[in-house]
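# Just to be clear, the model below is a prediction. Sequence and coordinates:
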Amino acid sequence: MKKILGAALLAVAGFSVQAQTTVPVSYDAELAKSLGGNENGMRKYVFVVLRTGPNKVPAGQERTEMFAGHMANIQRLANERKLAYAGPLDGVDGARGIFIFAVDSIDEAKALVATDPVIIKGEMVAEYHMHFGSAGLMMVNQVHSQISKPAAK
């Protein structure tokens, strides 16, 4: 009886541990396709590192307008679902920011980056890398809009 009870307890304990550590699978093929993902939920991106460029725009109206245009360009590209993610970096070794574009080639990313005022003015230059990652990254902008308060007007 003790052996049967011990085996039953081990079986229940094993099931309990497994139930707590196993993530349920709920593959959504339509969602994967809508995000550009393959059957493994992965897609191509171009990862861009923005670095300090040769032309520092001095403090003042021109610099303020340049960065306002930079932010507007980021928002436009995100709204067009070309830009999956953007954000600043710490400045170490001149690394100032990143873009992750949902495009198939570096040439496509270069054309998009060329529309940014910080690139046009030479404040920053771009370095490009192909990246293969989760198509779920395409949902960041949608989720972010739901968790950030609108700017005060």
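Received the coordinates, thanks. Residues are numbered from 1 along each chain as shown.

# what ranges do the strands span in the protein?
42-52, 83-88, 95-101, 124-134 (DSSP state E).

# Lys110 touches Ile119, doesn't it?
No. Using Cβ atoms under 8 Å, Lys110 makes no contact with Ile119, being 9.7 Å away. Where you see a C-beta, it was placed from the backbone N, CA and C, and this is true even at glycine.

# Identify the contacts common to those two.
Listed as contacting both Lys110 and Ile119 by Cβ atoms under 8 Å, 6 or more residues apart in numbering are Ala126.

# For Gly37, which residues are in contact?
With contact taken as Cβ under 8 Å, 6+ apart, Gly37 is in contact with Arg43, Ser134, Ala135, Gly136.

# what about Lys153, distance to Arg96?
28 Å (Cβ to Cβ, to the nearest Å).

# quick revisit: who has more neighbours out of Lys110 and Ile119?
Neighbours per residue, other Cβ atoms under 10 Å: of Lys110 and Ile119, the larger number sits with Ile119, 19 against 16.

# and the gap between that one and Tyr45?
19 Å.

# which residues does the most centrally placed residue in the chain bridge with?
Nearest to the mean C-alpha position of the chain, counting by Cα atoms, centre = their mean, stands Tyr85 at 3.4 Å. Tyr85 has these beta-bridge partners by DSSP bridges: Ile100.
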